[in-house]
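K.L.:
quick one, fold the following:
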Amino acid sequence: MSVPQIRMQSQSAKISIQSTPSAQTIEQPKADMEIHQENAKLTMRTTPSQLTIDQSQAWADMNLKSVLRYISDEAQNGSQACLENIAQTSQEGDELMRIENGRGALIAQAERNSEPPQYDYNIGFIPSNFSVKVHFQPGQVNIDAQSQNVDINTQIHKPFINYRPGNVEIGLRQKANLQVDFVNIQ
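P.N.:
Modelled structure (predicted):
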C-alpha cells in the first residue's frame with residue numbers, strides 16, 4: 001500500500017554583495033610664513049677703570065729720585081742744617097757769655113766739636129714698608145637694550161582633498177525555489 005506523499009524541496013535565496021571601498025587622500029601644503037624683526041638697539045656706556053701706582057716714595061727711599069725732587073730734598077736738608085748750625089752757634093755763644101760759671105764751657109765745646117758725629121748705618125737701597133701706593137677705581141658698564149617688534153605674516157593654503165566614493169552592489173545570486181511534488185496520488 002502506498003501512502004500518498006507530498007514532497008517539498010526548497011532552496012534558499014542567496015544574495016551577492018560586492019563592495020568597492022571608498023578612498024580619501026588629503027594633502028596639506030605647508031603654510032608660507034615670514035618673520036621679520038629689526039635688530040635690537042643696544043647702547044653700551046663704559047667708564048674705564050683706573051689703576052694708579054705711585055712708587056715715587058720707594059724710588060726716593062733708594063735715593064733714585066727725579067732731579068726736581070732731589071734738588072727740593074737737598075734744599076730742605078740744607079735749610080734744616082743751617083737752622084741747626086745757627087741754634088748750635090747761639091747756644092755756644094750763650095755758654096761763653098756766662099763765664100761766671102767757670103772756664104769749663106770752652107773746654108766742653110772743644111770736646112763736643114772735636115768728636116766726629118755719630119751716624120746710623122743701614123741698608124739704603126731697600127724701600128720702606130708700604131712705600132708703593134696702589135689705588136684702584138673700578139670701571140662701570142651701563143647696557144641699555146631696546147627690543148624691536150616682531151612682524152609675523154602667515155599665509156595658509158587650503159588642503160587638497162581627493163575622495164572616491166565606495167560602491168556596494170547587491171544582487172540576487174540564486175532565487176528562492178520551492179518544489180512541491182505529490183507522490184502516490186490516485
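K.L.:
quick one: residue 134 and residue 50, what's the gap?
P.N.:
Noted for residue 134: a distance of 11 Å to residue 50, by Cβ to Cβ, to the nearest Å. Heads up, the C-betas are built off the backbone N, CA and C, glycines and all.
K.L.:
repeat for residue 74
P.N.:
Distance, residue 74 to residue 50, by Cβ to Cβ: 33 Å.
K.L.:
break this structure into its domains for me.
P.N.:
With domains defined by automatic domain parsing, the chain comprises 1-37+151-186, 39-115+131-148.
K.L.:
any figure for the gap between residue 184 and residue 76?
P.N.:
To residue 76, residue 184 is 169 Å away according to Cβ to Cβ.
K.L.:
and residue 113, what are its phi and psi?
P.N.:
Note on residue 113: its backbone torsions stand at phi -80, psi -20 [degrees, to the nearest 10].
K.L.:
give the rounded mean pLDDT of stretch 34-50.
P.N.:
Computed over stretch 34-50, the mean pLDDT rounds to 92.
K.L.:
can you map out the helices along this protein?
P.N.:
With DSSP state H, the ranges of helices along the chain come out as 56-61, 67-97, 104-114.
K.L.:
list the buried residues for the first one?
P.N.:
Taking 16 or more other Cβ atoms under 10 Å as the basis for neighbour counts, the residues of helix 56-61 that come out buried are 58, 60, 61.
K.L.:
tell me how far residue 62 lies from residue 153.
P.N.:
On the measure of Cβ to Cβ, residue 62 and residue 153 end up 76 Å apart.
K.L.:
give me the more crowded residue out of those two.
P.N.:
Set residue 62 next to residue 153 and count neighbours by other Cβ atoms under 10 Å: residue 62 wins out with 14 against 9.
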